[in-house]
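K.L.:
Need the 3D shape of this:
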Amino acid sequence: NNSILTAVEICLPFDFEWSNSSEKDFDKKSNRRQSAAETNLLRRIEMLQLLVVAWLLICGTETVVSHQESGEWSCESDSEIQVMADFRPGLITLDGHNDDWKDIDGSEFPLRPALDPDADHEYDAGKMTVKALHDGRDIYFMLEIDGNYAYDKGENNKCPSVALMFQIGDQATYHRMGGCKEGTDSCTSKACRGFEVDIMHFSIGNAIPGRLYGGNPIDNGEGNGGDRFGHLVDIYAWNPHCRYLDGLGPSGNDSSAQNDWHGAWWHSSFTTQSGYVEEDSPYTRDGQKGTYYFEFSRPLRTMDRLQQDVQFTLGSPAKMSVAFWYPMDSKPWHGSGHYTISCDWIPLDISSGSSSGLTASTVKGSSDGTSISAIVMSMISLVVSGFIAYRLYSPRNVPFTPMENNL
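P.N.:
Numbers count the residues shown, from 1 in each chain. The predicted structure is shown next:
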């Protein structure tokens with residue numbers, strides 16, 4: 001193998017290179033030493049070749065191992081917990097702030113490693129609160145996670161990051177990101193039909209707090225789910241090794257796709273409310289205690305025709321999960337080293353506007369208004385009826401006018 005030989009040649013120390021001295025400088029004794037040295041060199045080369053082969057095998061499987069569990073997979077999820085998305089129109093401003101979410105109930109989850117969901121390895125800074133609502137057109141999410149401030153401009157894996165994942169295909173599992181058994185060389189939309197999952201991933205290394213990122217005219221104009229400005233991307237997957245931006249894939253690209261997500265982030269330690277610009281980075285001191293806020297929105301229905309977006313329906317539950325990356329001890333995180341809210345899908349209950357989306361006060365006020373209107377109309381009808389009856393049945397006496405004799 002040429003690559004192995006090249007690696008061996010690079011690894012050889014300079015002492016093993018032979019000089020160009022003439023044969024007359026060597027006697028019989030030196031010839032014997034040369035023969036022994038050659039034998040020793042060949043043995044060392046063979047050992048180096050074995051080491052290089054082993055090294056190449058390890059490197060070649062690194063990306064696969066990074067998404068595989070260390071042992072047999074087991075999951076004990078809380079089957080009763082869910083995320084509620086009530087109908088609350090005109091309430092949310094998408095800016096990363098949580099002020100307009102204070103009266104919205106959320107679901108609280110412990111964060112455990114995705115590949116080893118053991119309580120002993122739980123994220124120790126706090127739990128994640130997931131809130132959701134919709135306005136009949138768009139669905140909104142707010143993620144709240146306690147954590148000391150960590151930000152390194154341009155270094156996504158040295159900053160916190162979040163992802164939302166939703167089931168698209170009926171057979172798509174939470175475990176193994178869809179669960180299609182095809183490999184990177186064989187996974188296609190046909191071979192993995194029914195195993196699709198929809199993913200929104202936000203890495204904030206280039207994202208200014210409080211500013212909107214996600215779908216934009218430039219990337220959407222190229223027909224994919226990318227975001228060159230803030231890395232809030234729209235992805236679909238069949239398994240951890242077959243993940244693509246919407247519109248891209250192993251069978252070619254489709255220019256009809258786009259990024260339908262928008263979002264922003266914030267941290268409670270920030271003191272500026274008027275808005276940040278890039279020159280303000282890192283926006284506050286590293287290590288500040290506080291809470292991260294990640295806010296997102298997307299239309300309930302999209303124009304996807306490639307089975308790459310989840311389609312939400314009022315009154316019908318969806319299945320979702322949330323992932324969180326954090327640079328523990330200031331060390332960069334890696335792709336599979338994330339926490340999740342559960343080891344299985346979490347139900348997302350999207351209420352219709354005719355039921356729980358209407359508050360009790362709204363229903364009561366509407367009922368009271370209807371009753372008052374009915375009473376007023378009844379009284380008016382009664383008065384009008386009485387007046388008509390009086391006019392019909394009252395006596396009509398014609399006054400007597402004597403005739404005068406003018407003759």
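K.L.:
List the contacts of stretch 300-316.
P.N.:
For stretch 300-316, contacts defined as Cβ atoms under 8 Å, 6 or more residues apart in numbering pick out 134, 136-139, 166-169, 189, 193, 196, 198, 225, 234, 236, 246-247, 254, 256-258, 260, 318, 350-353. Bear in mind the C-beta positions are built from the backbone N, C-alpha and C, glycine included.
K.L.:
hmm, 6 Å instead?
P.N.:
Identification of contacts with stretch 300-316 by Cβ atoms under 6 Å, 6 or more residues apart in numbering yields I139, F166, I168, E196, D198, Y236, D246, D254, D260, A318, I350, S352.
K.L.:
wouldn't S269 be in contact with Q288 here?
P.N.:
Yes: with contact defined as Cβ atoms under 6 Å, S269 counts as touching Q288 (3.8 Å).
K.L.:
Name the residues contacting each of the two.
P.N.:
Y149.
K.L.:
Any idea how many residues pack against E279?
P.N.:
Using other Cβ atoms under 10 Å, E279 has 6 neighbouring residues.
K.L.:
Which residues are in contact with it?
P.N.:
Not one residue lies near E279 by Cβ under 6 Å, 6+ apart.
K.L.:
Relative to F87, how far out is it?
P.N.:
41 Å (Cβ to Cβ, to the nearest Å).
K.L.:
Check A323 too.
P.N.:
As for A323, its distance to F87 is 27 Å (criterion: Cβ to Cβ).
K.L.:
returning to what we had before: got CSV for the contacts of stretch 300-316, with secondary structure and distance to Y339 too?
P.N.:
Output for those, formatted as CSV (DSSP: H, G, I helix; E, B strand; the rest coil; distance: Cβ to Cβ, whole Å):
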residue, secondary structure, distance to Y339
I139, strand, 23
F166, strand, 18
I168, coil, 23
E196, coil, 24
D198, strand, 20
Y236, strand, 22
D246, coil, 25
D254, coil, 33
D260, coil, 26
A318, strand, 21
I350, strand, 25
S352, coil, 33
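K.L.:
which of those count as buried?
P.N.:
Neighbour counting by 16 or more other Cβ atoms under 10 Å classes I139, F166, I168, E196, D198, Y236, D246, D260, A318, I350, S352 among those as buried.
K.L.:
Pick the one among these closest to P113.
P.N.:
F166 (21.2 Å; Cβ to Cβ).
K.L.:
Redo the buried ones among the contacts of stretch 300-316 as CSV? Include pLDDT and distance to L382.
P.N.:
Converted to CSV, the buried ones among the contacts of stretch 300-316 look like this (pLDDT from 0 to 100; distance: Cβ to Cβ, whole Å):
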residue, pLDDT, distance to L382
I139, 99, 50
F166, 99, 59
I168, 98, 62
E196, 98, 65
D198, 99, 61
Y236, 98, 66
D246, 97, 65
D260, 98, 58
A318, 98, 54
I350, 97, 47
S352, 91, 40
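K.L.:
out of the residues you listed, who's nearest Y174?
P.N.:
Nearest to Y174, judged by Cβ to Cβ, of the buried ones among the contacts of stretch 300-316 is F166 at 10.3 Å.
K.L.:
Help me confirm that the closest one comes into contact with D198.
P.N.:
Yes: using Cβ under 6 Å, F166 makes contact with D198 at a distance of 4.5 Å.
K.L.:
Where does H201 sit, in terms of helix or strand?
P.N.:
Using DSSP states H and E, H201 maps to strand 197-203.
K.L.:
other SSEs contacting that strand?
P.N.:
Packing contacts for strand 197-203, counted by 3 or more Cβ pairs under 6 Å, 6 or more residues apart in numbering; DSSP states H and E, involve strand 161-167, strand 232-239.
K.L.:
And the shortest one, what does it pack against?
P.N.:
Using 3+ Cβ pairs under 6 Å, 6+ apart as the contact criterion, the elements in contact with strand 161-167 are strand 197-203, strand 318-325.
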